[in-house]
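Colleague: requesting a structural model of the entry that follows:
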Amino acid sequence: MEKSCTLLIHFDKGTPAIANEIKEALEGNDVAAKIDAMKKAIMLLLNGETLPQLFITIVRYVLPSEDHTVQKLLLLYLEIIEKTDTKGRVLPEMILICQNLRNNLQHPNEYIRGVTLRFLCRLNETEIIEPLIPSVLQNLEHRHQFIRRNAILAVMSIYKLPQGEQLLVDAPDMIEKVLSTEQDPSAKRNAFLMLFTCAQDRAINYLLTHVDRVSDWGELLQMVVLELIRKVCRTNRAEKGKYIKIIISLLNAPPTAVIYECASTLVSLSSAPTAIRAAANTYCQLLLSQSDNNVKLIVLDRLNELKSSHRDIMVDLIMDVLRSLSSPNLDIRRKTLDIVLELITPRNINEVVLMLKKEVVKTQSGELEKNGEYRQMLIQAIHSCAIKFPEVASTVVHLLMDFLGDSNVASAIDVVVFVREIIETNPKLRVSIITRLLDTFYQIRAARVCSCALWIIGEYCLSLSEVESGIATIKQCLGELPFYSVSEEGEGTDASKKTPQANSITVSSRRPAILADGTYATQSAASETAFSAPTVVQGSLASGNLRSLLLTGDFFLGAVVACTLTKLVLRLQEVQPSKVEVNKATTQALLIIVSMLQLGQSSVLPHPIDNDSNDRIVLCIRLLCNTGDDIRKIWLQSCRQSFVKMLSEKQLRETEELKAKAQVSHAQPDDLIDFYHLKSRKGMSQLELEDEVQDDLKRATGEFVNDTDDANKLNRILQLTGFSDPVYAEAYVTVHHYDIVLDITVINRTKETLQNLCLELATMGDLKLVERPQNYTLAPESSKQIKANIKVSSTETGVIFGNIVYETSNVHERTVVVLNDIHIDIMDYISPAVCTDAAFRTMWAEFEWENKVAVNTVIQDEKEFLEHIIKSTNMKCLTPVSALDDECGFLAANLYAKSVFGEDALVNLSIEKQADGKLSGYIRIRSKTQGIALSLGDKITLKQKGGN
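Modeller: Numbers count the residues shown, from 1 in each chain. All right, here's what the predicted structure looks like:
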């Protein structure tokens with residue numbers, strides 16, 4: 001039978017030691033060789049070797065040694081050797097070591113005594129321990145604290161043995177006396193731990209007797225006191241009031257570990273506002289005082305838990321939490337902002353936004369490498385604040401617009417999206433935002449930011465001056481026309497056959513241009529400057545950002561420019577009384593649009609214009625030449641209406657999610673009603689009263705009710721053997737994030753006693769067994785509950801398989817019953833999550849593992865199939881419901897989930913309905929790790945047909 005191991009040492013299997021060599025080294029007089037031989041012997045024993053011939057050698061040659069290292073290794077050797085026979089009786093040769101242990105316990109050297117006492121803590125054989133007890137008890141009064149603290153631990157471990165109470169009848173009395181006189185903090189802690197473990201009433205009595213001095217005790221003892229309080233309050237909730245006072249008094253203790261444990265204990269035991277506020281304040285102090293990032297992250301997790309259950313109290317501490325933004329670590333900053341954004345109220349919004357603005361300004365001056373990412377996080381946080389509380393938008397929008405030209409494109413996109421939303425939701429800010437946007441437009445360098453900014457200009461320039469300024473700004477950023485000269489096209493055509501030649505491009509004369517090599521060139525009006533490659537021509541420093549992007553071949557942006565000019569001209573027709581000015585603006589816009597079309601169709605650029613952009617630009621030309629009222633209405637009104645609808649849907653979705661989160665479980669109709677006001681209040685402090693009230697509230701709202709689904713429990717029971725097998729086994733599988741617990745019931749269905757019955761399990765995938773199997777004896781028709789713990793290290797479908805092996809008195813050979821495989825479902829590890837469209841696209845581009853699953857289903861409705869996949873994969877659909885409305889025979893949706901290990905799972909579903917009514921298409925899964933992509937693919941393949 002394999003036993004639990006108390007010692008783990010790395011063993012190099014490449015060079016195994018030979019028993020004879022070890023024996024020779026032990027018999028010699030060289031101490032260094034003896035030490036080396038003992039180490040080799042211990043390693044071999046730990047790896048399954050028995051080495052029975054070494055015992056007598058060690059007794060003869062190692063036992064008498066005075067070397068401390070040899071004595072320590074001897075004790076390790078004695079710890080791991082087999083000390084009993086097959087029937088559990090102590091081997092007779094073990095008597096030889098008893099005298100040696102007694103001598104060690106009375107040894108003049110403190111180290112030898114101490115390590116021997118520590119060795120006794122791991123000894124389970126009563127026959128060996130019994131003659132040593134008087135020597136152990138003598139050491140309780142030794143002058144040296146190292147010996148006293150180990151003697152107390154030895155007494156505790158002996159007392160915990162099955163016959164321990166007979167061996168040491170008055171152990172709790174002795175330890176209680178030691179506790180009252182002991183001065184060493186570590187020995188005192190061990191004594192209190194012994195009482196806590198073996199005589200809990202005495203420990204409680206000691207604690208309550210010395211309650212005024214708890215804050216002066218050492219850190220180790222205070223930690224054990226907190227553990228005792230947690231245990232007592234779990235079993236007897238009625239008495240927790242007096243213990244909470246002790247915890248609150250310990251909150252002012254100097255050791256940070258004690259403070260943290262106090263706060264955690266308070267939160268777990270009490271819901272009283274005073275207690276929760278004290279715990280939250282403690283967490284905030286730790287957040288600021290600790291320099292270790294891991295500690296800060298753990299404390300932020302605790303604050304996040306408090307935020308969920310005690311939001312009102314956390315709201316008052318929002319500025320304390322925000323101070324942790326001073327840490328340069330991005331994870332800490334991200335967690336802090338996530339917590340703060342859910343604690344914003346009308347009372348604190350101005351303070352929070354002011355703090356966030358200061359942080360944004362700091363990112364400009366600092367030279368930290370992650371400043372861009374941090375700025376993006378801050379912009380998103382401010383955006384969120386401004387959507388919840390529109391009145392603060394005016395204070396931040398102009399500051400953020402300075403970052404439209406940010407080198408961090410993601411940050412600039414966040415700013416322009418924020419501006420687009422604010423300009424619609426805050427009509428009062430429209431004029432100032434448009435004016436500022438037109439002033440800063442030339443700074444924008446990213447095509448996606450330019451596109452969004454152009455849409456804002458086209459939609460929200462309403463007055464005559466704004467429309468004219470909008471057209472002028474676009475013209476200035478495009479520079480002088482044409483984009484290339486006619487002579488150059490011929491050169492470009494030749495260049496496609498020969499080596500590339502220099503092309504000349506007319507550029508704006510008002511500012512210097514950037515040449516291909518990065519140098520500046522100043523030119524007079526309408527002059528031509530030679531560039532080696534038109535594709536890399538940058539526009540002028542401040543006025544040519546649109547020109548630069550167009551000359552790199554970005555014709556999607558060209559189409560956006562054409563649409564914006566068209567909208568502005570259409571609006572000019574409504575606000576400009578002078579027809580001459582309108583016609584002038586129309587012809588200028590047509591000239592710009594036609595020039596972009598010519599540039600796209602010329603051979604100057606290596607890639608011609610794409611068909612979509614070409615069609616869009618041609619539509620703009622037709623529209624400007626001939627505009628009907630219906631078309632005008634679509635261009636000037638419908639776009640804005642669609643945007644308003646998108647914003648309202650987003651708000652509705654967020655409101656629904658908040659409502660879903662706010663729903664709490666309710667009490668059962670037949671639950672006991674506890675009338676708090678009829679209770680006796682005699683001798684109760686304010687804190688105890690608060691605690692009682694909160695407990696009653698929890699009962700009333702059903703928070704104490706365990707609402708686990710019994711039907712779901714039954715689904716987790718798996719049959720492992722057949723009904724006709726001599727041994728029947730079934731397992732109840734519980735998944736706790738990183739652990740899987742198998743609760744296996746084994747039933748002996750025969751009329752015979754099954755001996756040495758052993759459950760042997762093995763795993764496939766990222767699963768690891770924690771314990772070694774044990775042997776059991778099963779009486780006829782009796783049952784046994786066996787627990788097996790398995791560690792999980794990644795989100796991957798794993799398999800557990802194994803056998804039940806047993807012996808009977810009639811048959812000498814072992815019988816093997818093969819068990820059914822247990823498949824660990826990936827669904828236990830992933831949960832629906834939400835991310836922004838931009839984050840989804842970024843992850844989709846970055847993740848290297850893709851699994852493409854062809855759609856093969858009997859379901860004929862696209863939406864029904866999408867719902868089926870969402871339900872089967874436990875994912876969240878990121879595509880809004882409005883985008884999935886209407887029947888068009890085609891559906892594309894993005895799904896997202898997150899695993900308990902922090903892994904992201906992305907799914908894109910693209911399906912279309914064929915002429916015969918069947919669905920076809922693909923489901924693409926992407927993730928950072930291979931396991932989750934493959935496991936999700938297998939799950940979808942299994943479930944997509946519409947089965948359960």
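
Colleague: okay, and Leu306 sits in which element?
Modeller: helix 293-309 (DSSP states H and E).

Colleague: for that helix, packing partners?
Modeller: helix 256-269, helix 273-289, helix 311-315, helix 330-341 (3 or more Cβ pairs under 8 Å, 6 or more residues apart in numbering; DSSP states H and E). For the C-beta atoms, the positions are set from N, CA and C on the backbone; glycine is no exception.

Colleague: in a markdown table: the ones you listed, plus mean pLDDT and mean neighbour count.
Modeller: Putting those into a markdown table (pLDDT from 0 to 100; neighbours: other Cβ atoms under 10 Å) gives the following:
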| stretch | mean pLDDT | mean neighbour count |
| --- | --- | --- |
| helix 256-269 | 86 | 20 |
| helix 273-289 | 88 | 20 |
| helix 311-315 | 86 | 16 |
| helix 330-341 | 90 | 18 |
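
Colleague: any chance of CSV for those, columns distance to Val409?
Modeller: Shown next, in CSV, are the helices and strands packed on helix 293-309 (distance: least, Cβ to Cβ, whole Å):
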stretch, distance to Val409
helix 256-269, 41
helix 273-289, 32
helix 311-315, 35
helix 330-341, 18
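
Colleague: out of these, flag the one nearest Ala839.
Modeller: Closest to Ala839 of the helices and strands packed on helix 293-309 is helix 330-341 (Cβ to Cβ; 12.2 Å).

Colleague: what helices and strands are in contact with that closest one?
Modeller: Right, helix 330-341 is packed against helix 293-309, helix 318-322, helix 371-388 by 3+ Cβ pairs under 8 Å, 6+ apart.

Colleague: only alpha carbons, please: show the helix holding Leu306 as PDB.
Modeller: Written as PDB, here are the backbone C-alpha positions of helix 293-309 (Å, rounded to 0.1, in the frame of the first residue of the first chain):
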ATOM      1  CA  ASN A 293       2.400  44.800  -7.400                       C
ATOM      2  CA  ASN A 294       1.000  41.300  -6.600                       C
ATOM      3  CA  VAL A 295      -0.200  42.500  -3.200                       C
ATOM      4  CA  LYS A 296      -1.900  45.500  -4.900                       C
ATOM      5  CA  LEU A 297      -3.700  43.300  -7.400                       C
ATOM      6  CA  ILE A 298      -4.900  40.900  -4.600                       C
ATOM      7  CA  VAL A 299      -6.200  43.900  -2.600                       C
ATOM      8  CA  LEU A 300      -7.900  45.300  -5.700                       C
ATOM      9  CA  ASP A 301      -9.700  42.000  -6.100                       C
ATOM     10  CA  ARG A 302     -10.900  42.100  -2.500                       C
ATOM     11  CA  LEU A 303     -12.200  45.700  -3.100                       C
ATOM     12  CA  ASN A 304     -13.900  44.500  -6.300                       C
ATOM     13  CA  GLU A 305     -15.700  41.900  -4.200                       C
ATOM     14  CA  LEU A 306     -16.700  44.500  -1.700                       C
ATOM     15  CA  LYS A 307     -18.000  46.700  -4.500                       C
ATOM     16  CA  SER A 308     -20.400  44.000  -5.600                       C
ATOM     17  CA  SER A 309     -21.900  43.400  -2.200                       C
END
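
Colleague: residues near Leu942, how many?
Modeller: Leu942 has 10 neighbouring residues, counting by other Cβ atoms under 10 Å.

Colleague: related to what we said a few turns ago, tell me the buried residues in the helix holding Leu306?
Modeller: Neighbour counts over helix 293-309 (16 or more other Cβ atoms under 10 Å) mark 296, 299-300, 302-304, 306-307 as buried.

Colleague: pLDDT below threshold where in this structure?
Modeller: In the predicted model of the chain, residues 1-5, 10-17, 366-369, 485-543, 658, 660-715, 737, 794-797, 811, 945-948 satisfy pLDDT under 70.

Colleague: out of the helices and strands packed on helix 330-341, nearest to Leu330?
Modeller: Going by Cβ to Cβ, the one of the helices and strands packed on helix 330-341 nearest Leu330 is helix 371-388, 6.1 Å.

Colleague: for the closest one, C-alpha coordinates in CSV please.
Modeller: Listed next in CSV are the C-alpha coordinates belonging to helix 371-388 (Å, rounded to 0.1, in the frame of the first residue of the first chain):
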residue,chain,number,x,y,z
ASN,A,371,1.9,56.0,-21.7
GLY,A,372,-0.1,55.5,-24.9
GLU,A,373,-2.0,52.4,-23.6
TYR,A,374,-2.6,54.2,-20.2
ARG,A,375,-3.9,57.2,-22.0
GLN,A,376,-6.3,55.0,-24.0
MET,A,377,-7.6,53.5,-20.8
LEU,A,378,-8.1,56.9,-19.3
ILE,A,379,-9.9,58.2,-22.4
GLN,A,380,-12.3,55.1,-22.3
ALA,A,381,-12.9,55.8,-18.6
ILE,A,382,-13.7,59.5,-19.2
HIS,A,383,-16.0,58.4,-22.1
SER,A,384,-17.9,56.1,-19.8
CYS,A,385,-18.2,58.9,-17.2
ALA,A,386,-19.5,61.3,-19.8
ILE,A,387,-22.1,58.9,-21.1
LYS,A,388,-23.4,58.3,-17.6
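
Colleague: this completes my enquiry, with thanks.
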